[in-house]
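1. this one's structure only:
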C-alpha cells in the first residue's frame, strides 16, 4: 500500500496534466505507465478508448468498478485562430479572457476575441510574439495567484483527475487481497460533453451486465456539502437518484465504522452513475466537494449577477481526498453485505405492533 505522500504525488501529477474531452491521451499514458509497474494488474481499452483496469487473479463475485473520467473542460484549437470549448462554463468567463497553451507546453498567451455560447466556439487574439496554436492544441485560462491554503490541493483540473487518483489509490491498496479480487477501475473519456465515454461503455457492454458501478467524482461545493467536511456518499445528481440498496449499504458501513463522511444529494451537476443506471447497471456515487468548479471562481456571485467572473484553479481538501480513498475501499466491501433493512423494520414492527390493536 502506497504511503499518503506517494498518493498525494499521484494526485499532483495527474491534476497537472493537460486534458480535454477527446484529448485524454496524456492521462491515459500516465495511467498506462502506472499499471505497467504492477504485474498483477491488467489494462485494456474498449472501442471508445475507455480504460478498464482489473486484477489478473480469478474471482467468482460480480465485478465492482470504481469509475472516474479523464477529461476536464478546456479550450481546444481548431487552427487558424479558432477554438471550441469542450465543457460546461458560463459565458461570462470568456469575456476577453486571457488564456494560454498548455499542450504543447510553452505558455503562448491569447485573448478570447469572441465567443458564441450556442456553438461553444470562438476566436483568439494573440499576444505579442505568440505562435498561433495548431489543431487540437489544448489551452486553459491564465489563473491568478490563488495558492492553496494549508491542507488544500489546488490544480487546474481536479475534476476529475483527483477522482482518477483516488480510484487508483484504492485499487493499489486492496489489490491481491482475496476479498477484493472482483474490484477494478474504469476510466472514461469525454464526460464533460455529456457523459459520452460512460454511455459508450454502457451501450456497448464494455463491462459485464452484472457489474456494480461506483462513480467517483469531484462535485461542486454546496452550502450543505462544504469542502473539508469529509467525503460524500452521493444519493444522486441533478438528473436522478442512485441505487438505494448500494447507497444504504455504503452509508450504514461508513456510519458503523466511524468514517467521517457526508451523505448528500449533489445536484450541482451530473455524474456517470446516471448514465450507467439508465442502461440497467446498479450504480452508486461518491465524491469530494470541489471549490472553483470548472475553474469558475466567484461562481455563486456570477450566477446571481452580483460579482465578476474570475478564472481560478480548482481546490479540494486533502483530508477529504484521503477520506474518499478510504470510502472507496469501504464501499467495495460493503456492497456485497446483506442490506438488513427489512429485518430491522420487521423487528421494529414486532416490538411495537401492539399499539395498533383496538
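-> It's in. Computed from a prediction, not measured in an experiment: that's the story for all the values here. Residues are numbered from 1 along each chain as shown.
2. C-alpha only now, for contacts and for neighbours.
-> OK.
3. touching, residue 157 and residue 16? I think so.
-> Yes - if you go by Cα atoms under 8 Å, residue 157 and residue 16 touch, sitting 6.6 Å apart.
4. who has more neighbours, the two?
-> Neighbours were counted for residue 157 and for residue 16 using other Cα atoms under 10 Å; residue 157 has more, 27 against 16.
5. so what's that one up against?
-> Neighbour list for residue 157: 15, 16, 17, 72, 294, 295, 313, 314 [criterion: Cα atoms under 8 Å, 6 or more residues apart in numbering].
6. please redo it, this time with the cut-off set to 6 Å
-> residue 15 (Cα atoms under 6 Å, 6 or more residues apart in numbering).
7. where does pLDDT dip in the protein?
-> Within the chain, the stretches with pLDDT under 70 are 1, 146-147.
8. spatially central, which residue of it would that be?
-> residue 217 (2.9 Å; Cα atoms, centre = their mean).
9. tell me which element it is part of?
-> Here residue 217, judged by DSSP states H and E, is contained in strand 212-220.
10. quick one: contacts of that strand?
-> Outside strand 212-220, the residues touching it (Cα under 6 Å, 6+ apart) are 64-68, 159-160, 163, 268, 272-273, 282-290, 293.
11. out of those residues, which are buried?
-> Among these, the ones that count as buried by 16 or more other Cα atoms under 10 Å are 64-68, 159-160, 163, 272-273, 282-290, 293.
12. show me where the stretch 101-250 of the chain has helices.
-> For the stretch 101-250 of the chain, applying DSSP state H, counting those that start in this stretch gives helices covering 158-174, 196-203, 244-257.
13. and for the longest one, what's in contact with it?
-> So that's helix 158-174. 1, 11, 14, 15, 68, 69, 216, 217, 218, 314, 325, 329.
14. from residue 314, how far out is the third one?
-> If I follow you right, that is residue 14. 13 Å (Cα to Cα, to the nearest Å).
15. residue 94: how many residues sit nearby?
-> 23.
16. rewinding a little: parallel or antiparallel, list what pairs with the strand holding residue 217.
-> Partner strands and pairing direction for strand 212-220 (DSSP bridges) are strand 64-69 (parallel), strand 282-290 (parallel).
17. domain parsing for the chain?
-> Recorded structural domains for the chain (assignment: automatic domain parsing) are 4-71+149-341, 74-141.
18. distance to residue 349 added to these, as TSV?
-> Shown next, in TSV, are these (distance: least, Cα to Cα, whole Å):
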stretch	distance to residue 349
domain 4-71+149-341	12
domain 74-141	49
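19. of those domains, which approaches residue 354 most closely?
-> Nearest to residue 354, of all the domains of the chain, is domain 4-71+149-341, at 21.1 Å by Cα to Cα.
20. pull up the distance across the closest one, start to finish.
-> Domain 4-71+149-341 has an end-to-end distance of 36 Å (criterion: Cα to Cα).
21. just how off-centre is that domain within its chain?
-> Relative to the centre of its chain, domain 4-71+149-341 is centred 4 Å away, using Cα atoms, centre = their mean, to the nearest Å.
22. and if you look at stretch 82-95?
-> Distance, centroid of stretch 82-95 to centroid of chain: 20 Å (Cα atoms, centre = their mean).
23. chain neighbours aside, what residue packs nearest to the residue nearest to the centre of the chain?
-> Leaving aside its chain neighbours, residue 217 sits nearest to residue 287 (4.6 Å; criterion: Cα to Cα, 6 or more residues apart in numbering).
24. for residue 195, same thing?
-> residue 272 is the one closest to residue 195 (Cα to Cα, 6+ apart), at 6.2 Å.
25. do the same with residue 127
-> In space, and not counting its chain neighbours, residue 127 is closest to residue 110: 5.2 Å by Cα to Cα, 6+ apart.
26. and residue 134, by the same measure?
-> residue 79 (5.1 Å).
27. quick one: residue 319 is in a helix?
-> Yes - assessed with DSSP: H, G, I helix; E, B strand; the rest coil, residue 319 lies in a helix.
28. burial check on it, number of neighbours?
-> Neighbours of residue 319 (other Cα under 10 Å): 17.
29. residue 48 now?
-> 17.
30. from residue 22, how far off is it?
-> From residue 48 to residue 22 the distance is 10 Å (Cα to Cα).
31. what strand or helix carries residue 84?
-> Per DSSP H and E: strand 82-86 holds residue 84.
32. returning to what we had before: export the strands paired with strand 212-220 to TSV and tack on distance to residue 31?
-> Output for those, formatted as TSV (distance: least, Cα to Cα, whole Å):
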stretch	distance to residue 31
strand 64-69	12
strand 282-290	20
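33. of all these, which one is nearest residue 190?
-> Using Cα to Cα, the strands paired with strand 212-220 put strand 64-69 closest to residue 190, at 7.5 Å.
34. pairing partners for the next helix or strand after the closest one, with directions?
-> Next helix or strand after strand 64-69 toward the C-terminus (DSSP H and E): strand 74-79. Looking at strand 74-79 with DSSP bridges, its partner strands are strand 82-86 (antiparallel), strand 138-141 (antiparallel).
35. does the residue nearest to residue 217 have beta-bridge partners, and which?
-> residue 217, residue 232.
36. contact partners for it?
-> Residue 287 neighbours (Cα under 6 Å, 6+ apart): 216, 217, 218, 232.
37. how close does the second one sit to residue 59?
-> Looking back up the chat, that one is residue 217. 27 Å.
38. could you do the third one as well?
-> Taken as Cα to Cα, the spacing of residue 218 relative to residue 59 amounts to 30 Å.
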